[in-house]
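A.B. asks: I'd like to go over a predicted model; first the sequence, then the structure.
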Amino acid sequence: MRLCRSVLIVLLAMGSGACNDLTDFTPRIAGTYEYVATGSLNRRGTLIIEDWDARTARFDGTFLYQTLSGQSVGGRLVGAFISEDRIWFRFLTEPQLTHEADFNFNAALGEVFFQGLIYESAGATFSLRLR
């Protein structure tokens, strides 16, 4: 029984170290982006994406945008690559909204979703363009 536990622990440890094959293919994402959201979320601003560890699919950053009414909103964001050409991110001030997009050539086009018990469209699209 003791040998079986040891083998299981070794197998789990080996598997956990090899589960991040995606990061071999993620393009460079760090930079300052122009952010424009239309539809139910009409706002425009700037995202600064930081990629502190290129070995992972995860990234962080900051954002600052203005709504149509002129209100400024800023804070932190977190995100990750879903695949080599698809990303998601979330503004930490809006944990119920998830941005998901195709990412190619330092630009992204995507949709905003409500994330609760189900994943449904928020009726907004957005774009990112590297400055």
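C.D. replies: Yep, that arrived.
A.B. asks: quick one: end-to-end distance for stretch 87-98.
C.D. replies: Using Cα to Cα, to the nearest Å, the end-to-end distance of stretch 87-98 comes out at 10 Å.
A.B. asks: please identify the helix or strand for the residue nearest to Phe91 when sequence neighbours are not counted.
C.D. replies: The shortest distance from Phe91 to any non-neighbouring residue, by Cβ to Cβ, 6 or more residues apart in numbering, is to Leu77 (5.2 Å). C-beta coordinates here come from the backbone N, C-alpha and C atoms, glycine included. Using DSSP states H and E, Leu77 falls within strand 72-83.
A.B. asks: tabulate the CA atom coordinates of that strand in PDB.
C.D. replies: What follows is strand 72-83, C-alpha atoms only, in PDB (Å, rounded to 0.1, in the frame of the first residue of the first chain):
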ATOM      1  CA  SER A  72     -13.400  57.200 -15.300                       C
ATOM      2  CA  VAL A  73     -12.900  53.700 -14.100                       C
ATOM      3  CA  GLY A  74      -9.500  52.100 -13.400                       C
ATOM      4  CA  GLY A  75      -7.900  49.200 -11.700                       C
ATOM      5  CA  ARG A  76      -6.200  45.800 -12.200                       C
ATOM      6  CA  LEU A  77      -6.900  43.100 -14.600                       C
ATOM      7  CA  VAL A  78      -6.100  39.400 -14.800                       C
ATOM      8  CA  GLY A  79      -6.200  37.100 -17.800                       C
ATOM      9  CA  ALA A  80      -4.700  34.200 -19.700                       C
ATOM     10  CA  PHE A  81      -4.400  32.500 -23.100                       C
ATOM     11  CA  ILE A  82      -7.000  29.900 -23.700                       C
ATOM     12  CA  SER A  83      -5.100  28.800 -26.800                       C
END
